[in-house]
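Asker: sequence and predicted structure below; questions after.
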Amino acid sequence: MTSDNATSWTTYVVADLIADGSLIIGDGYRAKNSEMAAEGLPFARAGNIRGGINVDGADLLSTSSVERAGGKVSQPGDVIFTSKGTVGRFAFVRDDDPQVVYSPQVCFWRSAAPDLIDSEFLYYWMHGPDCLRQFNALKGQTDMADYISLRDQATITVRLPPLVEQRRIAGVLGALDSKVRAEARLSDRLLETAAHMFAGVVEEARASGATAVPASHLIDINPKVVIKKGQPTPFLEMAATDPWAVRPRSIGSRPFSGGSKFEPGDTLLAKITGCIEHGKGGFVDYLPGPAAGSTEFLVLRAGDRLTPESVFLISRWPSVREHLIRHMVGSSGRQRVPPDAFETLELTVPETLSVWSGEAAFIEAAFARSKAAWDLARHHSAIRDELVPKLVTGGLRVSEDYDPDAASAFVG
């Protein structure tokens, strides 16, 4: 890379790129509830878009409706973003991503001129200051929720370097993202292995005649944690946890004034409608000491027959979630799981920890290796985030002798 200023970049108006057939932009398909079915393509709403497409729990649009959706079905190379409400969650559709139908809250930009616009560069350009400045100026023009219409999008200007430089930039940033995805897959596989092993431990306990006992006898609910009022404390917002994620995207800090309190090794489980159904929570292995968080978290801590990791795995069992949801209390729109719901939840586990100490040690090691992969992914994400605004504006240049086939070695 060199730090020379960009000298051969060209500025285009999106409307002109659309007019000459170089760029296709569109929003999603306006589906009716009756068009959802047991089989079809996932219907990608704003909540499914965050750095990628996550279709876990997504509704399925029927096959006949998919045909009507036409060009609003995803294609590899699409750059997509949320355009209503929470504006500016981005994703790039890769060859191995599941095909989806875009909802009206999601817009797509599709390069129709690969000799002018590299799709992956366009994705990273959208994370840069030029795009974000224009998005921020456009999204608040209505008195209602933030929104960027297709007409507004057509007024955006895009500054592009020559195609060969676009590809070099995308190569560097894409290599970092490839590392992040590989580390995330490794982390997921390790946790899947741990979950499978613990399921075997539980099955063996049942087969040996272990007695089912209330979960409240095995797990401490909202255990005592001492944090002084006003003490600067790590704080976890519910919004910082993604559906079914083990660890948060970020954690802040504030003087302690209340909320849930937890320590390393605890499990967090969202207790409120709309969050528990989507697996909000996580396993606390990313902090060195006590922390606080949203009041909508329940804190679970292992008793003497379980390990911290096994409590987290139990919290993800569908049967456990179903029981807790059935026992929610409060008004229909904002119900919460009360701590006493664990008194009627029966679990069968080995009679003592010593019975499964070998498996427990393996599971602990799998979680530790998963955490290491998560740390490495965060490291590579931070490098990418630092490079993006410099590379996509020409403030930092990729050397002409850069070899895209050696991208991983170049950024490692």
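Answerer: That came through fine. Remember, it's a predicted structure, so these values are computed and weren't measured experimentally. Numbers count the residues shown, from 1 in each chain.
Asker: ok, the closest residue to Arg167 other than its chain neighbours - contacts?
Answerer: Spatial nearest neighbour of Arg167, excluding adjacent residues (CB to CB, 6 or more residues apart in numbering): Asp118 at 5.4 Å. Yep, even glycine has a C-beta here, placed from its N, CA and C like the rest. Shown in contact with Asp118 (CB atoms under 8 Å, 6 or more residues apart in numbering): 111, 163, 166-167, 170.
Asker: which of those has the most neighbours?
Answerer: Counting neighbours by other CB atoms under 10 Å, Ala170 leads the contacts of Asp118 with 25 neighbours.
Asker: Asp146 is in contact with Lys84, isn't it?
Answerer: Yes. In terms of CB atoms under 8 Å, Asp146 counts as a neighbour of Lys84; the distance is 7.3 Å.
Asker: distance check, the residue nearest to Arg167 against Val164.
Answerer: 9 Å (CB to CB, to the nearest Å).
Asker: what do you get for Thr10?
Answerer: 14 Å.
Asker: swap in Leu345?
Answerer: Distance from Leu345 to Val164, counting by CB to CB: 60 Å.
Asker: sec struct for Arg159, please.
Answerer: Per DSSP: H, G, I helix; E, B strand; the rest coil, the local secondary structure of Arg159 is strand.
Asker: check contacts around it.
Answerer: Per CB under 8 Å, 6+ apart, neighbours of Arg159: 6, 9-12, 125, 130, 393-394.
Asker: just Asp266 next, same as before
Answerer: By CB under 8 Å, 6+ apart, the neighbours of Asp266 are 223, 284, 299-301, 308.
Asker: and after the lengthiest strand in the chain, which helix or strand comes next?
Answerer: When the chain is parsed with DSSP state E, its longest strand is strand 36-44. Using DSSP states H and E, the helix or strand that follows strand 36-44 in sequence is strand 60-61.
Asker: show me what that next one is packed up against.
Answerer: With contacts defined as 3 or more CB pairs under 8 Å, 6 or more residues apart in numbering; DSSP states H and E, the secondary structure elements packing on strand 60-61 are strand 36-44.
Asker: picking that back up, now find how far off-centre the longest strand of the chain is within its chain.
Answerer: Its chain's C-alpha centre and that of strand 36-44 lie 21 Å apart, by CA atoms, centre = their mean, to the nearest Å.
Asker: and stretch 35-43, by the same measure?
Answerer: Here stretch 35-43 is found 22 Å from its chain centre; the criterion is CA atoms, centre = their mean.
Asker: kindly report the same for stretch 353-369.
Answerer: 27 Å.
Asker: which parts of it are buried?
Answerer: Using 16 or more other CB atoms under 10 Å as the test for burial, stretch 353-369 gives 353, 355-356, 359-360, 363, 366-367, 369.
Asker: of all the residues you listed, which comes closest to Gly174?
Answerer: Arg369 (25.5 Å; CB to CB).
Asker: and that closest one, how far is that from Gly265?
Answerer: Arg369 is 17 Å from Gly265, by CB to CB.
Asker: ok so Leu269 is a strand residue?
Answerer: Yes. Assessed with three-state DSSP, Leu269 lies in a strand.
Asker: contacting residues for it?
Answerer: So Leu269 contacts 276, 281, 297-298, 300, 315, 324, 337 (CB under 8 Å, 6+ apart).
Asker: 6 Å instead, please
Answerer: 281, 298, 315 (CB atoms under 6 Å, 6 or more residues apart in numbering).
Asker: for the first one, which residues are in contact?
Answerer: Contact analysis of Gly281 by CB under 6 Å, 6+ apart lists 268-270.
Asker: what's the closest of these to Ala37?
Answerer: Of all the contacts of Gly281, Ala270 has the smallest distance to Ala37: 28.7 Å, by CB to CB.
Asker: correct me, but that closest one touches Glu277?
Answerer: No. At 8.8 Å, Ala270 and Glu277 do not qualify as touching, with contact defined as CB atoms under 6 Å.
Asker: so these two - more neighbours on which side?
Answerer: Between Ala270 and Glu277, Ala270 has the larger neighbour count (other CB under 10 Å), namely 23 against 13.
Asker: and the helices in the chain?
Answerer: In the chain, the segments counted as helices under DSSP state H are 14-19, 63-69, 119-125, 129-139, 150-153, 163-207, 308-315, 318-326, 357-391, 407-411.
Asker: appreciated, that's everything.
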